[in-house]
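K.L.:
3D, please:
(6 chains)
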There are 6 protein chains.
Amino acid sequence: MARSDGRNDDQLRDIKLTRGFQIWPAGSVLVEFGKTRVLCAASVTEGVPRWRKGSGLGWVTAEYAMLPSATNTRGDRESVKGRVGGRTHEISRLIGRSLRACIDLAALGENTIVIDCDVIQADGGTRTAAITGGYVALADAVTWLGAAGRLADPQPLSCAVQAISVGVVDGRVRLDLPYEEDARAEVDMNVVATDAGTIIEVQGTGEGATFTRSTLDRMLDLALAGCAEINALQTAVLAEPYPGELPTPKAVKS
Amino acid sequence: MARSDGRNDDQLRDIKLTRGFQIWPAGSVLVEFGKTRVLCAASVTEGVPRWRKGSGLGWVTAEYAMLPSATNTRGDRESVKGRVGGRTHEISRLIGRSLRACIDLAALGENTIVIDCDVIQADGGTRTAAITGGYVALADAVTWLGAAGRLADPQPLSCAVQAISVGVVDGRVRLDLPYEEDARAEVDMNVVATDAGTIIEVQGTGEGATFTRSTLDRMLDLALAGCAEINALQTAVLAEPYPGELPTPKAVKS
Amino acid sequence: MARSDGRNDDQLRDIKLTRGFQIWPAGSVLVEFGKTRVLCAASVTEGVPRWRKGSGLGWVTAEYAMLPSATNTRGDRESVKGRVGGRTHEISRLIGRSLRACIDLAALGENTIVIDCDVIQADGGTRTAAITGGYVALADAVTWLGAAGRLADPQPLSCAVQAISVGVVDGRVRLDLPYEEDARAEVDMNVVATDAGTIIEVQGTGEGATFTRSTLDRMLDLALAGCAEINALQTAVLAEPYPGELPTPKAVKS
Amino acid sequence: MARSDGRNDDQLRDIKLTRGFQIWPAGSVLVEFGKTRVLCAASVTEGVPRWRKGSGLGWVTAEYAMLPSATNTRGDRESVKGRVGGRTHEISRLIGRSLRACIDLAALGENTIVIDCDVIQADGGTRTAAITGGYVALADAVTWLGAAGRLADPQPLSCAVQAISVGVVDGRVRLDLPYEEDARAEVDMNVVATDAGTIIEVQGTGEGATFTRSTLDRMLDLALAGCAEINALQTAVLAEPYPGELPTPKAVKS
Amino acid sequence: MARSDGRNDDQLRDIKLTRGFQIWPAGSVLVEFGKTRVLCAASVTEGVPRWRKGSGLGWVTAEYAMLPSATNTRGDRESVKGRVGGRTHEISRLIGRSLRACIDLAALGENTIVIDCDVIQADGGTRTAAITGGYVALADAVTWLGAAGRLADPQPLSCAVQAISVGVVDGRVRLDLPYEEDARAEVDMNVVATDAGTIIEVQGTGEGATFTRSTLDRMLDLALAGCAEINALQTAVLAEPYPGELPTPKAVKS
Amino acid sequence: MARSDGRNDDQLRDIKLTRGFQIWPAGSVLVEFGKTRVLCAASVTEGVPRWRKGSGLGWVTAEYAMLPSATNTRGDRESVKGRVGGRTHEISRLIGRSLRACIDLAALGENTIVIDCDVIQADGGTRTAAITGGYVALADAVTWLGAAGRLADPQPLSCAVQAISVGVVDGRVRLDLPYEEDARAEVDMNVVATDAGTIIEVQGTGEGATFTRSTLDRMLDLALAGCAEINALQTAVLAEPYPGELPTPKAVKS
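P.N.:
Predicted coordinates for the structure are as follows:
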């Protein structure tokens, strides 16, 4: 049974990474996984949160959100509802955790980098796109800090980070699910991996169904192969010079 | 004394209106006033809020927000703070009021259109850009409703709406202030006008200074001329066919 | 077409300013515009908000609110709803901005004055009454600070501030609208002015209608004449000695 | 040891009850216990809260609040803090419970009366003033409902309600404590009673001290005598005709 | 008319106090009044709240809450509702006030003890059980502080504290009401007393009924006798050695 | 390197399941994993949430929370903070998802079961204990519904659900981590499985470290073996008759 967009089961959607999308943040990347578009901005602040002060360690955190107009049916704003929902919290924490896995916070020095991942258009896989694009924005912000002479140590990034979704749809294990497949998937899994092929995070869920150990193995195979492909794209795009002028964000003491 | 971007006192920044920026909303416009970029999306819902039910009248409302990464110094998310700030509320109300001035809510029928104005990049004049782009998104949403046979009356729009800022900077009355001028303006005014040259809203404030009646007159002259120019751009862009496929938003009962 | 209360189009309602209405605040004024009654209290605190400390500058801010019983139909308390509404925020900001326009914050020294404007009874024009009464309360608080030897400079007030509403009702430009006229006005405008005849703030809105430049001019004429009349009342009432004993508010470090 | 205001230990402060203080609510009473001033407004709504619908019973509830300017040191607004404090909640519940004790909710019919008690000036005993004034406002609202033919039964009030504070100060049992005494009282008690001399509520608290059964007895003696005096005042003021025109509140379906 | 559980009118339910119920807090007591079960934990923190710093005085406060599953019909969580309800606030304040009456805060030194009273199962009298068990947990926490050499003075507890409910049910004055009686009581009273027979707090309320002075006297007789019985239980249980190992809570600077 | 509690790497802590811990909920289980103690209560309500009405399907959801006194250092209440934290939300969602995987919501009929998981004492693994105990409480609630003749179909449970944690500590893969190991684990994973040996959820995270595919495989081996052991305990405890009387919860229409 073919996929509605004609892809093979183990095939990624078209992935694009556009650096320098905004002028103020130290890193700003528009990432596209097919029709899914997420704006990932890495903002640098001098200093760290209060509970970290004087530790010599930096801090990296992430906030994920969805524009109301990003989804097929308009979603209510969390600012208007007055609270951040459970799903939003969960994804923000996942992105932050994943990106902290690739950075040496001592080398970063007492700087804070916030990765804002705002979904402009949603069509499945927004959290994996956010991690993938967030890494590139983080890399640009680290380069910017280095150029400004504000790193404690020249190379704080220890690996590159990518993420991809995989699932069981129509009884078949498939890679990089768009919304239409995600909504009816029997099993849904997100894998965050590094350029060394190691794993940072695995989250797999049976949606009204359970799955066997061998299905899990097959999903991991596809996901890790997908992450390797995505890493090649990240490497290529980061090899290019920064598009336009380097940003000059105002570093404010936290 | 020249303006830092080389413009004349009565000259607008480059203004661009990109229709069809997103695929889901019935209207979606990226509006640019120089470096200021606002994404204006018009989402259509069948039905109206509870307090309006059975009236036969439609409803148009707006919500304005700023991405954390849109400003020079990263701003905190209002969803995380748990409340919408006073400035955000004030601008949302202004946009909604301004756009309701151009639409016959009886002709709209019992449909709700929400205009989401999300600032992607801020460099002064975000509220006037939002009104200007919001009008174009609203026009596309109304066309879409008409094509779907869901209007009570074929032509609910009675006029076109534009807005521009004007102020006193360095002792001179100037049009369309970027952030750098806005931050040190002695007087700051926003004018919302129609293609008939009439006024929908005037909001002028002395910032640590007061102003004379004749300064007010001069500001109105510049602003109304600016609005006329902007209207020409709106007319031109709306005369083009809709870029790409027409959106097919899912109309959900409110 | 005559006004329902028999006034001429350019005539104010009866305006009363009662100083010393409460015993604790440094200034406390009950202002009445016809049936509209607003209690304006100016409370003095030693010190300034954290973001201002060490600047040598004082701070003036305002908070506006409505008693639930002030309106024809009882309104819900914002404390119970758990958030301050958009309209309340907007008016509080307007009052604060207007009163800061008349005071030299360096001369005030590092003192904070909060102007609380609580509407006891609403019948249109509550924000303009609040600004008008708030100025008198502020003037009394400044006098009190001077008597206590706590001003950095003897005369921080640079002008007097008044406000009035004006609008188009039944096709006619009218001054100082009561609720009955305000509710059906086609255009509604508030003007804040000084005793020098200059303008601090202009906010004019078409309510489901637009208005011409010449209507705007006529509204400004009426409003500025009204402000001049109100200023005469302020001057007269402030020329009288303080009624009763001077208040002895407890100055608490902020 | 004499009281600072010259009263005997068993003497009330001057108590005043001004009916018809506001024009919109069905009952509106300014109550004064010495310098303490509370505005008690009884607003009538047709219908009852959802959980009561169809029961044939009415509902009476109360909300207590303090203006920021009512106290010696300005208090923060609960609307700005975003939550109603514990003390406010506690007093609101006490007032509502006390006033429900005197009314037959079946006779009231499916009407809701909200008693808003807003403290204009605080000098001790605000909750007992609120109950005392709230009863008079409630009585006027009930009369108004009767005149409008909206009661299920002609006489829903079964008794009159008063309240007074009593405490141990300087080792002596004293009646009706002003703030200066209340702040240093060893024991603090509030008693709510009826014109029949029975008790609705007793709340006595040792403040950093405990008290004997005989002290409790002495406090009850004074409080019940005080309540009888207050009841005489209520009776006298309610015997007068309603001052000015009867209010015409708009009855809105809940 | 007999009580449904066969008790005499002046008879307590079975009361049990289990010390050392949890391993982390310095005091942890499961208190049972019949089927009512409340977990009272006394947690010690070094330091005091900001407004108390440098005073040399300690602080004792309490927080009361109900598990959703504690009641016959499941209750919603206050964390999910986003605000602590009025009843919860009121009871938390009562417990804190009652327990502060027995402790010399200067002798406690700059330590904070929080008494968490979480209702595991509710069957009437949860607040009186919480005060009774809270006292025992507080006593254990004070002993623990003494053993750690962290008291300013060896014996900060000046008395023991107990509480009990009493009411009028079926026209009879009865002690220690279970839910079934409490729900239909005409009068409901809670008394907090000390081992010296003195009173800390009395709260009596007519529930849709008023009560005479002689009923009040009879209720006080029963309640004070009940408190004396409870005190005997507290004394006995505290005379036993601490069950299991002494807790080793981590004292964190506040 | 030995574990501090003497267990083998693949050994569970002592696990206890006490049914009928509370009297009101239809199912109530105290689950203990070593010193970790979680109270799992399954409350039944007739009807389903609004968005599900008329679907013929039931609903199962879960809420997780921690008593302030459950942890070594006292935690602040989320009700007092006014919002449910990200971690709490995430775990609540995990428990709900896991338990919905074992129940046929059509067979349940339009009933709602809420599983409240309140942590009484925390020592690592609270979420896995909650799922394990929550399943037993759910099973008792389903039996209770069946006995009451309120199931649409006699056997809605399709499998049993267990969960366990596993991680890499001191370079070794270990099962069922107590807090002391969890806090310094390099990798942390939770596995939710069924009595058929299939998987419902896998969540593995590198904590400042990444892990290889083969480590993942070894963790899965241990976790699935642990789940099988836990299932044997669940089966044994559910085979016993219900302790004490069957609960008689009041079924309230939602």
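K.L.:
what separates the nearest residue to A:H89 once chain neighbours are set aside from chain E, distance-wise?
P.N.:
Among residues not flanking A:H89 along the chain, F:G86 sits closest, at 3.5 Å (C-beta to C-beta, 6 or more residues apart in numbering or on different chains). No exception for glycine: its C-beta is placed from N, CA and C like everyone else's. Using C-beta to the nearest C-beta, to the nearest Å, F:G86 is found at 13 Å from chain E.
K.L.:
do A:R77 as well
P.N.:
17 Å.
K.L.:
need the residues of chain A near chain E, please.
P.N.:
Applying C-beta under 8 Å from any C-beta of the partner chain, one finds that chain A approaches chain E through A:82-83.
K.L.:
by mean pLDDT, which helix or strand of chain A comes out lowest?
P.N.:
Of all helical and strand segments in chain A, the minimum by mean pLDDT, DSSP states H and E falls on helix A:78-81, at a mean of 90.
K.L.:
tell me what whatever helix or strand comes next after that helix is packed against?
P.N.:
Using DSSP states H and E, the helix or strand that follows helix A:78-81 in sequence is helix A:86-100. Judged by 3 or more C-beta pairs under 8 Å, 6 or more residues apart in numbering or on different chains; DSSP states H and E, helix A:86-100 is in contact with strand A:59-66, strand A:111-121, helix A:126-147, strand A:161-169, strand A:187-194, strand A:199-206, helix F:86-100.
K.L.:
so where's chain A uncertain?
P.N.:
A:1, A:248-254 (pLDDT under 70).
K.L.:
spatially central residue for it, please.
P.N.:
Compute the mean C-alpha point of chain A, and by C-alpha atoms, centre = their mean the closest residue is A:I131, 0.9 Å away.
K.L.:
which ones are touching that residue?
P.N.:
Counting by C-beta atoms under 8 Å, 6 or more residues apart in numbering or on different chains, A:I131 touches A:94-95, A:98-99, A:161-163, A:192.
K.L.:
10 Å instead?
P.N.:
Shown in contact with A:I131 (C-beta atoms under 10 Å, 6 or more residues apart in numbering or on different chains): A:31, A:38, A:40, A:62, A:64, A:91, A:94-99, A:115, A:117, A:161-164, A:190, A:192-193, A:200-201, A:230.
K.L.:
on that earlier part again, okay, the helices and strands packed on helix A:86-100 in JSON lines with distance to B:S55 next?
P.N.:
Below are these laid out as JSON lines (distance: least, C-beta to C-beta, whole Å):
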{"stretch": "strand A:59-66", "distance to B:S55": "32"}
{"stretch": "strand A:111-121", "distance to B:S55": "34"}
{"stretch": "helix A:126-147", "distance to B:S55": "38"}
{"stretch": "strand A:161-169", "distance to B:S55": "45"}
{"stretch": "strand A:187-194", "distance to B:S55": "43"}
{"stretch": "strand A:199-206", "distance to B:S55": "45"}
{"stretch": "helix F:86-100", "distance to B:S55": "39"}
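K.L.:
what's around the closest residue to A:R97 other than its chain neighbours, how many residues?
P.N.:
Closest residue in space to A:R97, ignoring its immediate chain neighbours: F:T205 at 6.4 Å, by C-beta to C-beta, 6+ apart. Using other C-beta atoms under 10 Å in any protein chain shown, F:T205 has 22 other residues around it.
K.L.:
give the contact list for F:T205.
P.N.:
A:94, A:97-98, A:101, A:192, A:199-203, F:167, F:185, F:187-190, F:211 are the contacts of F:T205 under C-beta under 10 Å, 6+ apart.
K.L.:
touching, the residue nearest to A:H89 and A:R83? I think so.
P.N.:
No: using C-beta atoms under 10 Å, F:G86 is not in contact with A:R83; the gap is 11.2 Å.
K.L.:
shared neighbours, these two?
P.N.:
By C-beta under 10 Å, 6+ apart, F:G86 and A:R83 have these common neighbours: A:H89.
K.L.:
who's in contact with A:V191?
P.N.:
A:128, A:162-166, A:199-204, A:219-220, A:222-224, A:226-227, F:204.
K.L.:
which of these are buried, as a PyMOL select command?
P.N.:
Selecting only the buried entries of the contacts of A:V191 in PyMOL, with 16 or more other C-beta atoms under 10 Å in any protein chain shown as the criterion:
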select buried, (chain A and resi 128+162+163+164+165+166+199+200+201+202+203+204+219+220+222+223+224+226+227) or (chain F and resi 204)
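K.L.:
partner residues bridging A:Y64?
P.N.:
Taking DSSP bridges as the rule, A:Y64 bridges to A:C117.
K.L.:
okay, buried residues for stretch A:233-250 please.
P.N.:
Neighbour counts over stretch A:233-250 (16+ other C-beta under 10 Å) mark A:233-234, A:237-238, A:247, A:249 as buried.
K.L.:
stretch A:161-179 now?
P.N.:
Within stretch A:161-179, the residues that count as buried by 16+ other C-beta under 10 Å are A:161-169, A:173-179.
K.L.:
and stretch A:71-79, by the same measure?
P.N.:
Buried residues in stretch A:71-79, defined by neighbour count with 16+ other C-beta under 10 Å: A:71-72, A:74-75, A:77-79.
K.L.:
try stretch A:54-69
P.N.:
Going by 16+ other C-beta under 10 Å, stretch A:54-69 has these buried residues: A:57-69.
K.L.:
contacting residues around the closest residue to chain D within chain A?
P.N.:
Relative to chain D, the nearest point of chain A is A:G82 (8.9 Å; C-beta to the nearest C-beta). By C-beta under 10 Å, 6+ apart, the contact set of A:G82 is B:78-79, B:81-84, C:82-83, D:82, E:82, F:82-83.
K.L.:
likewise for A:D182?
P.N.:
Shown in contact with A:D182 (C-beta under 10 Å, 6+ apart): A:123-125, A:165, A:167, A:169, A:176, A:188, A:207.
K.L.:
among these, which one sits closest to chain B?
P.N.:
Nearest to chain B among the contacts of A:D182, counting by C-beta to the nearest C-beta, is A:D123 at 8.4 Å.
K.L.:
phi, psi for the nearest residue to the closest one once chain neighbours are set aside please.
P.N.:
Leaving aside its sequence neighbours, A:D123 sits nearest to A:K35 (C-beta to C-beta, 6+ apart; 3.9 Å). A:K35 adopts backbone torsions of phi -80, psi -10, taken as degrees, to the nearest 10.
K.L.:
you'd agree A:Q121 is up against B:G20?
P.N.:
No: using C-beta under 10 Å, A:Q121 is not in contact with B:G20; the gap is 11.9 Å.
K.L.:
more neighbours, these two?
P.N.:
More crowded of A:Q121 and B:G20, by other C-beta under 10 Å: A:Q121, with 22 against 17.
K.L.:
and that one, how far from A:G27?
P.N.:
Distance of A:Q121 to A:G27, computed by C-beta to C-beta, to the nearest Å: 21 Å.
K.L.:
same check, this time on A:V169
P.N.:
For A:V169, the distance to A:G27 (C-beta to C-beta) stands at 34 Å.
K.L.:
and A:A196, by the same measure?
P.N.:
As judged by C-beta to C-beta, A:A196 and A:G27 stand 22 Å apart.
K.L.:
and the stretch 151-254 of chain A, which of its residues are near chain F?
P.N.:
Neighbours of chain F within the stretch 151-254 of chain A, by C-beta under 10 Å from any C-beta of the partner chain: A:158-159, A:161, A:187, A:189, A:191-194, A:196-213, A:215-217, A:219-221, A:224.
K.L.:
do that again at 6 Å, thanks
P.N.:
By the rule C-beta under 6 Å from any C-beta of the partner chain, the part of the stretch 151-254 of chain A lying against chain F is A:194, A:198-206, A:210-212.
K.L.:
try the stretch 1-150 of chain A
P.N.:
A:83, A:86, A:89-90, A:93, A:101.
K.L.:
ok, these vs A:A137, which is closest?
P.N.:
Nearest to A:A137, judged by C-beta to C-beta, of these is A:A101 at 15.8 Å.
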